[in-house]
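A.B. asks: Structure, please.
(chains A and B)
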Amino acid sequence: MTLMTPFETRSSPVKRIAVIQGEVRTSADPDVELTTVLGSCVATCLYDPVARIGGMNHFLLAEPPEHQRSSGDFDEHYGLYLMELLINRMIGCGAVKGRMKARLFGGANFYHTIQQIGAINAEFARRFLQQEGIGLVNADLGGTCARRVHFRPASGQVRCKNTEAKAIAAPQPTRRPPTALGEVELF
Amino acid sequence: MTKTTRILTVDDSASMRALLLHALTQSGFEVEQAEDGQVALEWLETNEVDLVITDINMPRLDGFGLIEQLRAGPLHRDKPILVLTTESSDEKKQRARQAGATGWIVKPFDAAKLASAVRRVAH
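C.D. replies: Just a heads-up that it's a prediction; the model follows:
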């Protein structure tokens, strides 16, 4: 499947920024284009059409498993954290949560295993947006193909094309050092 | 009999509220929740808690505004307030400190560290 909104022809050169697993990027620069390649991961493209601010996250897993939630042992690769980080960074740049629109991509299932990680990621992303009251404009989720996404955050324009699975970067479990997780500072 | 520590968590994210509720109740705390600073402020006019844990970026009234208003009023002037946020800048941290926050915790939070901080500051 190919999902496209017309990209404006730009007189100035486009600044492409890759968004890798575990990352969040936001921008109001009309020259910026955020790009990513997805397999079972999901990318959320959020956009405030009034403030003309947008951002993208790229998460590997949806939520920490039940047994880890009370221990808090989860990191920035989880969608639960990266969704909140994306929303908060956009609010910090002047976006308004009630105006945000979302597009979702990825969540492919390459193998017929018991745990369909892509489907779990896609379901989590849909549910999260619904819980947060953020409108889902469109989604290209599931299937068995890798996807390449180009998103212009200042205009909300997006292009998603199927690509070869070999273009996907191998998962990099670059966990934060334990001391940096949930750091507490009492004043 | 030891009194259970009652906490108000303030966060606009329903998912984060659910995660906080789970983590704090598992640690033995009683938890109340508000979805933004304004709701929290109104609720605190008629309710008592031992501690407030608040996010920063929220619609209507953000965490800074909530702390400032609680510190300016007579009811919660000395109440411990922990900020739990995705923000990591020193500027924001200093602003929270100047507003009257008791502590600063960066998300994603560690439930054990959060519970430990709550026990240290709760009166």
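
A.B. asks: The nearest residue to A:Leu61 once chain neighbours are set aside - how many residues pack around it?
C.D. replies: If you skip the residues right next to it in sequence, A:Leu61 has A:Tyr78 as its closest partner in space, 5.4 Å away by CB to CB, 6 or more residues apart in numbering or on different chains. Bear in mind the C-beta positions are built from the backbone N, C-alpha and C, glycine included. Per other CB atoms under 10 Å in any protein chain shown, the neighbour tally for A:Tyr78 reads 19.

A.B. asks: Could you report the separation of A:Tyr78 from A:Thr44?
C.D. replies: 13 Å (CB to CB, to the nearest Å).

A.B. asks: All the strands of chain A, residue numbers only.
C.D. replies: A:3-4, A:15-18, A:24-27, A:32-38, A:42-48, A:53-59, A:101-106, A:135-141, A:146-152, A:157-163, A:184-186 (DSSP state E).

A.B. asks: Could you check the last one against chain B for contacts?
C.D. replies: When you say that, I think you mean strand A:184-186. Yes: residues of strand A:184-186 are located near chain B by CB under 8 Å from any CB of the partner chain, namely A:Val184, A:Glu185, A:Leu186.

A.B. asks: now that we have those residues, which one has the most neighbours?
C.D. replies: A:Val184 (19 neighbours).

A.B. asks: Would you mind measuring from the closest residue to that residue other than its chain neighbours to B:Phe29?
C.D. replies: Leaving aside its chain neighbours, A:Val184 sits nearest to B:Ala117 (4.6 Å; criterion: CB to CB, 6+ apart). From B:Ala117 across to B:Phe29, the span is 12 Å (CB to CB).

A.B. asks: again, but for A:Leu38
C.D. replies: Distance from A:Leu38 to B:Phe29, by CB to CB: 39 Å.

A.B. asks: ok, now B:Gln98?
C.D. replies: Counting by CB to CB - B:Gln98 and B:Phe29 are separated by 28 Å.

A.B. asks: All the helices of chain B, residue numbers only.
C.D. replies: B:14-26, B:37-44, B:63-72, B:90-99, B:111-121 (DSSP state H).

A.B. asks: Which positions within the least confident helix or strand in chain B by mean pLDDT qualify as buried?
C.D. replies: Lowest mean confidence among the helices and strands of chain B (mean pLDDT, DSSP states H and E): helix B:14-26, at a mean of 87. Neighbour-count burial for helix B:14-26, with 16 or more other CB atoms under 10 Å in any protein chain shown as criterion, is recorded at B:Ser15, B:Met16, B:Arg17, B:Ala18, B:Leu19, B:Leu20, B:Leu21, B:Ala23, B:Leu24.
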